[in-house]
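Trainee: give me coordinates for this.
(one chain, ligands or ions: 3)
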Amino acid sequence: MLHIPFFWSELFYMPSTVVVGSQFGDEGKGKVVDLLARNAELVVRFNGGNNAGHTVVVEGKKYKFHLMPSGALQGKQCLVAAGVALDPRVLLKELEQLEGKELSLAIDPRTQIVMPWHNALDGAKETAKGKAKIGTTGRGIGPCYADRASRTGIRFCELVESERLRQRVEELFPEKERLLKQVYGSEMQQGKEEILSLYDSLGKGFAKYLGDVSLQVSNALKAGKNVLFEGAQGTFLDNDFGTYPFVTSSHPIAGAVFTGVGIGVQRIDRVIGIVKAYTTRVGSGPFVTELHGELADRIREKGKEFGTTTGRPRRIGWLDLVLIKTALRLNGFTEIALTKLDVLSGLKEVKVCTAYEYNGKTIEEVPADLGRLGQCKPVFEKLPGFEVQGTETEFGQLQQEARDYVGFVEERLGVGAKIVSVGPGREETILR
Ligand code: GTP
Ligand code: IMP
Ligand code: MG
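Mentor: Ligands and ions are numbered 1, 2, ... in the order given. You can find the predicted model right below:
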């Protein structure tokens, strides 16, 4: 008789889902996670920090999350895993926003803490780069992850213990102060004692949230619980596979769940790629389908494409299927969720980029080399425009041309759009 190893048999009971961005972030992951969290028991953030901004609209009320998993509004168990860069000052504000809501939160002891010198260094490095700046969110995320890699980061388990926190700040503060002053001609906004006193009080307040997220999630998966992993940012901001160096410092792709949470690689069975019906990007870097002028302004206004975190106007472009196909491969999407279809409503015709032209050749993969990517020209296919009311709750209620747009994307990608979003509200969604 065939012997099935223990972990294989477990696989059949694993309803775990990863939600990730397929473009440059801001695809609407927050809304989709809020929706899916209804059926989840645990919602886990595994990458990034408060550079992310997720907006969730429920009954007309807007909630903005930067660190809390977007499952918070469904009253689910929310977990912040080791792969996150956590700014406790921001978490405090977010918890205040949720006051009155029942909340269950655990933060992994290994989670890296964003310190005030990270913000200062983020700003100083950008200023020093001048025109070549990355256009970061200025939230200290890059320097925080750099410290993790250099093994000089402060972790959550140290934040919650006064003595250890003091030791680490005493050790690090002078070096960071010197670096800021001598290399960048800048300075720290707060003194050492001020930082210590603030972080110590935050640590004391958050000590109750300390919990081994890796262990909790592993146990939940073993018990067959439904776990939802919420990605921040998008595939092309990935530190390795994005448009380097115009990327973030963590890994927004699905594989990062394993290293960010600390679970075995056989434990994921559904990967949902969030695809915005057009493309946006904040910050610098190549953007093959970018639009300028009236049309870009119209889509930006209608889609309210201004950063949730920084308020910056987002750059706008047509849907780029070369990006999405590459993202599909990098993440292993089992399905997609197509968002913001309503924003394209009312246009006479819409364009979709289905290939790039590079050096006289047609290519269908995003080149790794930024120099090459910068020279790629989009090959567009035109589709008829459509109207979307935002009240459609079934696919059949969508106008034929809108269905054709969705069908075109599905056919070119070879995966289905099981969720089609036609407005920011929870109810403005078609589930197929
Ligand atoms: P990051 O983690 O920062 O990458 O963000 P995100 O992917 O969670 O997206 P974010 O919330 O920053 O941006 C999406 C915006 O679009 C939010 O303001 C949502 O409320 C809104 N939104 C989401 N889905 C739809 C939709 O189908 N139609 C419209 N009109 N707005 C939507
Ligand atoms: P950082 O993550 O703040 O270092 O920014 C690096 C790049 O990622 C910049 O181009 C930012 O605009 C972009 N970025 C970081 N977080 C987000 C996000 O949540 N949505 C969209 N872009 C982001
Ligand atoms: Mg966002």
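
Trainee: drop to CA atoms for contacts and neighbour counts, all remaining ones
Mentor: Will do.

Trainee: which bits of this structure sit near ligand 3?
Mentor: 26, 53, 54 (Cα under 5 Å from the ion).

Trainee: in helices only, show me those residues.
Mentor: Using DSSP state H to define helices, no part of the residues of the chain next to ligand 3 is located there.

Trainee: filter these down to the buried ones, PyMOL style.
Mentor: Buried members of these can be picked out in PyMOL with the line below, counting by 16 or more other Cα atoms under 10 Å:
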select buried, resi 26+53+54
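
Trainee: same list, the residues of the chain next to ligand 3, but as a markdown table with pLDDT please.
Mentor: Shown next, in a markdown table, are these (pLDDT from 0 to 100):
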| residue | pLDDT |
| --- | --- |
| 26 | 96 |
| 53 | 92 |
| 54 | 90 |
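
Trainee: for stretch 178-190, which outside residues touch it?
Mentor: 116, 117, 120, 121, 124, 125, 128, 177 (Cα atoms under 8 Å, 6 or more residues apart in numbering).

Trainee: from those residues, list just the buried residues.
Mentor: Buried among the contacts of stretch 178-190 by 16+ other Cα under 10 Å: 116, 117, 120, 121, 124, 125, 177.

Trainee: now intersect these with the strands, please.
Mentor: Judged by DSSP state E, strands contain none of those.

Trainee: so which of the residues you listed reach ligand 1?
Mentor: Counting by Cα under 6 Å from any ligand atom, nothing from those sits close to ligand 1.

Trainee: among these, which ones are in helices?
Mentor: 116, 117, 120, 121, 124, 125, 177.

Trainee: so the second one versus residue 58, what's the distance?
Mentor: Separation of residue 117 from residue 58 (Cα to Cα, to the nearest Å): 36 Å.

Trainee: output the below-cut-off pLDDT ranges for the protein.
Mentor: 1-14 (pLDDT under 70).

Trainee: how is it carved up into domains?
Mentor: 14-106+212-431, 112-208 (automatic domain parsing).

Trainee: near ligand 2 at all, stretch 302-317?
Mentor: No - judged by Cα under 6 Å from any ligand atom, stretch 302-317 and ligand 2 are separated, with a smallest distance of 7.3 Å.

Trainee: oops, could you answer that again for stretch 108-117 instead?
Mentor: No - applying Cα under 6 Å from any ligand atom, one finds stretch 108-117 separated from ligand 2 by no less than 12.0 Å.

Trainee: just the CA coordinates of that stretch, formatted as CSV?
Mentor: The C-alpha coordinates for stretch 108-117 follow below in CSV (Å, rounded to 0.1, in the frame of the first residue of the first chain):
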residue,chain,number,x,y,z
ASP,A,108,6.0,38.2,16.7
PRO,A,109,9.0,38.8,19.0
ARG,A,110,11.3,38.8,16.0
THR,A,111,9.6,41.8,14.3
GLN,A,112,12.0,44.6,13.5
ILE,A,113,11.2,48.0,15.1
VAL,A,114,11.4,51.3,13.1
MET,A,115,13.3,53.8,15.2
PRO,A,116,13.4,57.6,14.7
TRP,A,117,16.9,57.3,13.2
